[in-house]
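Next come a sequence and a model predicted from it.
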Amino acid sequence: MKILDLRKQYKHLYQPSAKKIEAIQVPKLQFGMADGAIEKGSEPGKSPHFAEVTQALYGISYTLKFMFKKRKTNAIDYPVMALEGLWWVEDGLFDITVKDNWFYTLMIMQPDVITQEVFEEAQAEVRKKKGDSESLNKARL
């Protein structure tokens, strides 16, 4: 079985030196992604939609991992990477204590062996197991 160690391969991106500042070139990377917004009166840790998006991305990511790990030929194992996010406000009023105007794109890095077709197959598999959801349907590679 081939093993892809994405954490080791991209260590310079995910565990940079704390002793020096340096400019780095970030290569083109592939992510499973889904967009959302924190509901009024809520915050990331209490937002049902945020939890649903997170669950959808991890569900797809673990399904992909095991699809490749269980293949009869050319099996590949790799770690599911950490959840990452891009955050912004659209009203121009950023205040760290006000979290219900935050928008986000949540992302989990996927290895290059993942194609659009395989991603959609994993999405369908998660849908069969967990049921349909808006977040699952909006997840994209």
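Arrived safely. Numbering: from 1, shown residues only.

how would you label Val53: helix, strand or coil?
Of the three states, Val53 takes helix under DSSP: H, G, I helix; E, B strand; the rest coil.

My read is that it contacts Gly36, right?
Yes - judged on CB atoms under 8 Å, Val53 makes contact with Gly36 at a distance of 4.9 Å. Every C-beta, even on glycine, is put in place using the N, C-alpha and C of the backbone.

joint contacts of these two?
Taking CB atoms under 8 Å, 6 or more residues apart in numbering as the contact rule, the neighbours common to Val53 and Gly36 are 106, 135.

which residues does the spatially most central residue of the chain bridge with?
Using CA atoms, centre = their mean, the residue of the chain that lies closest to the mean C-alpha position is Ile108, 2.2 Å off. Judged by DSSP bridges, the bridge partners of Ile108 are Gly32, Leu83.

is it true that it touches Phe31?
Yes - with contacts defined as CB under 8 Å, Ile108 counts as touching Phe31 at a distance of 6.4 Å.

who touches both of those two?
Counting by CB under 8 Å, 6+ apart, the residues touching both Ile108 and Phe31 are Glu84.

Among Val53 and Gly36, which residue is more densely surrounded?
Neighbour tally, Val53 and Gly36, criterion other CB atoms under 10 Å: the higher count belongs to Val53, 26 against 21.

so where do the helices sit in this structure?
6-9, 11-14, 48-69, 116-130, 134-138 (DSSP state H).
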